[in-house]
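Engineer: sequence first, then the predicted structure, then my questions.
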Amino acid sequence: MDEKKSEQLKDKDGRVIKYIRISVTDRCNFRCRYCVPQHPFEPIPSQDVLRYEDILFTVRSLAETGIDRVRITGGEPLVRKNLPYFLEQLNKIENIKEIALTTNATLLQSQASDIKQAGVRRINISLDSLKPDRYKYVTGGFGIEQTLAGIKKVVELGFAPIKINSVVIKGFNDDEIIDFCEFAATGNLIVRFIEFMPIGNSADWKKENIITGSEIIKIIGEKYNVTPLPKKPDTGPAKNFKLSNGAEVGIITPMSEHFCSTCDKIRLTSDGKIRPCLLSDREVSIADAAKTGNKELLIRRVKESLNMKNTEHTIETDRRGLFRRTMSKIGG
Ligand code: SAM
Ligand code: SF4
C-alpha cells in the first residue's frame, strides 16, 4: 500500500480545495420543476453508478490531499439503499472533519436515527414553499406533510445545524420570505434563501424569475432589524444575518454576486465525474481510477479537472446557460 501523503490540491488560480460534494444517486422520489426535466427522465444506468466502495476509496485518497469536508447529495440521497451504512464508513475516514447531508427530508422519519448513529449531524433540507398547494406544484405533485414530519424528526433527534434551503423564484414564492423568517424563528432553524440558477430544468428558468439577494434582504429589512453575522468557517458562500425576531437567515447569491474567488469545492457525480465548477460542463472521469483502486491516477485526474476550474463563472443574469446535466444529475 502506498503510504506517501499526496500534496495539497490547488487549482490553477491557487485556490486550495478542501471540500467535496458527492452525489450518490441521480434518482429522486420528487420531480421538482426547476431541477429535473418534466419529460421522461433518463436515469444514469446502474452499471455506471459508482459503488459505495469506489466513493469511499475516492474520499480516502482525497482526504490525504487535505480535503476534510464532505457533503452527500443527489438526486435524493436517501433513496439509495443502505445510505446509513455508507455514511458510517465515510465517518471512519481519517482527516474527514465534517460530513453533511442535503435532502428533501421525505425519508427522514424512517432513516434519521440511523443517519445520526452513523455520525452525521449537519443537515440541509430543501423546502421552497410552506403552502401545501405550492409545495405540491413545485415538487411535481408531492405533499408537504412528510417533509415537515422529516424536519420535526431531525429537530427532535438533535441534529445541528439544520438548514432549510429555499430557492426564491419571483412570482412563485417571493411573497413567503417573511413566512420563512417566522418559520426559522419558531423552529430554531436556519433558513437560507438561494437565487434561482439557470441550471436544472432550464426550460423553467427565466431571467425575470430571479430575485436577487439584495432584494431579499430589502424585503426582510422592511419587517425586522437585520444584523449581519460574522463569517464562520461552516457558512460556505452564505451571508448570514440575525433578525429581530430571533431568526438566523442566510442569503446565497450565485447569480447577482458570485463567490468564485473563495471557492474551495469540487463535485463528484454518481457516475464518477469530477465537476470542478457547478456552472460549467467541464468534467473529468475518475470512475476507472476509483474502480481499480489506483490512487495516483485518481489524484492526477482530479488535478486535471482543477486545471479546468473556471476563475469565475460566466453565467450572466441576462443569459440562459445550457447545461448537459440537470441539477439532479449534479447534486446542487
Ligand atoms: N434532493 C435533495 C434536495 O432537494 O435537497 C438534494 C439534491 S438537490 C439537486 C440540491 C439542491 O439544489 C436543492 O436545495 C435544490 O433546491 C437546489 N436546486 C435545484 N435546481 C436549482 C436551480 N435551478 N437553482 C437553484 N437551486 C437549485
Ligand atoms: Fe429531487 Fe432535490 Fe431535485 Fe427536488 S431538488 S427533484 S428533491 S433532486
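Structural biologist: Ah, there it is. Ligands and ions are numbered 1, 2, ... in the order given.

Engineer: find the closest residue to ligand 1 in this structure.
Structural biologist: residue 332 (2.6 Å; Cβ to the nearest ligand atom). To be clear about C-beta, it is placed using only N, CA and C from the backbone, and glycine gets the same treatment.

Engineer: so the closest residue to that residue other than its chain neighbours bridges to which residues?
Structural biologist: Excluding its sequence neighbours, the residue lying closest to residue 332 (Cβ to Cβ, 6 or more residues apart in numbering) is residue 73, at 5.7 Å. Here residue 73 sits in beta bridges with residue 23, as judged by DSSP bridges.

Engineer: next, count neighbours for residue 73.
Structural biologist: Taking other Cβ atoms under 10 Å as the neighbour definition, residue 73 ends up with a count of 24.

Engineer: now swap in residue 217 and tell me
Structural biologist: So residue 217, with other Cβ under 10 Å, has 19 neighbours.

Engineer: sorry, back to before: the residue nearest to residue 332 touches residue 331, doesn't it?
Structural biologist: Yes - contact status for residue 73 versus residue 331: in contact at 3.9 Å, counting by Cβ atoms under 8 Å.

Engineer: flag every residue of the stretch 51-200 of the chain that's near ligand 2.
Structural biologist: 74, 75, 76, 104, 126 (Cβ under 6 Å from any ligand atom).

Engineer: ligand 1 next: which of these are close?
Structural biologist: Filtering these for neighbours of ligand 1 using Cβ under 6 Å from any ligand atom leaves 74, 76, 104, 126.

Engineer: out of the residues of the stretch 51-200 of the chain next to ligand 2, which is nearest to residue 63?
Structural biologist: residue 74 (21.7 Å; Cβ to Cβ).

Engineer: sorry, back to before: find residues that contact each of residue 73 and residue 331.
Structural biologist: The contact sets of residue 73 and residue 331 overlap at 21, 22, 23, 102 (Cβ atoms under 8 Å, 6 or more residues apart in numbering).

Engineer: most neighbours of all the residues you listed, which one?
Structural biologist: That'd be residue 23 among these, by other Cβ under 10 Å, with 31 neighbours.

Engineer: run a quick neighbour tally on residue 114.
Structural biologist: Residue 114: 15 neighbours (other Cβ under 10 Å).

Engineer: that one contacts residue 84, doesn't it?
Structural biologist: Yes - counting by Cβ under 8 Å, residue 114 does reach residue 84; the two are 3.7 Å apart.

Engineer: pull the contacting residues for residue 237.
Structural biologist: 252, 253, 254, 259, 262.

Engineer: can you rerun that using 7 Å?
Structural biologist: 252, 259 (Cβ atoms under 7 Å, 6 or more residues apart in numbering).

Engineer: can you tell me the helix or strand for the closest residue to residue 310 other than its chain neighbours?
Structural biologist: Once flanking residues are discounted, residue 310 sits nearest to residue 277: 4.7 Å by Cβ to Cβ, 6+ apart. Residue 277 belongs to no helix or strand when elements are defined using DSSP states H and E.

Engineer: need the helices for the stretch 201-332 of the chain, in chain order.
Structural biologist: Residue ranges of the helices in the stretch 201-332 of the chain, as given by DSSP state H, counting those that start in this stretch, are 213-221, 287-291, 295-307.

Engineer: quick check: mean pLDDT across the second one?
Structural biologist: In this model, helix 287-291 has a mean pLDDT of 97.

Engineer: so which bits of it are buried?
Structural biologist: The neighbour-count check on helix 287-291 (16 or more other Cβ atoms under 10 Å) flags 287, 289, 290 as buried.

Engineer: these two touch, right, residue 283 and residue 276?
Structural biologist: No - with contact defined as Cβ atoms under 7 Å, residue 283 does not count as touching residue 276 (8.0 Å).

Engineer: for the stretch 1-150 of the chain, what lies in contact range of ligand 1?
Structural biologist: Checking the stretch 1-150 of the chain against ligand 1 by Cβ under 6 Å from any ligand atom, the hits are 28, 34, 35, 73, 74, 76, 102, 103, 104, 126.

Engineer: sorry, back to before: could I get the residues of the stretch 51-200 of the chain next to ligand 2 as TSV with distance to residue 40 and secondary structure?
Structural biologist: Shown next, in TSV, are these (distance: Cβ to Cβ, whole Å; DSSP: H, G, I helix; E, B strand; the rest coil):
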residue	distance to residue 40	secondary structure
74	19	coil
75	16	coil
76	18	coil
104	21	coil
126	23	strand
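
Engineer: can I get these in a markdown table with pLDDT?
Structural biologist: Below are those laid out as a markdown table (pLDDT from 0 to 100):
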| residue | pLDDT |
| --- | --- |
| 74 | 93 |
| 75 | 93 |
| 76 | 97 |
| 104 | 98 |
| 126 | 97 |
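
Engineer: ligand 2: which of these is nearest?
Structural biologist: residue 104 (3.7 Å).

Engineer: now do that closest one against residue 179, distance only.
Structural biologist: 19 Å (Cβ to Cβ, to the nearest Å).
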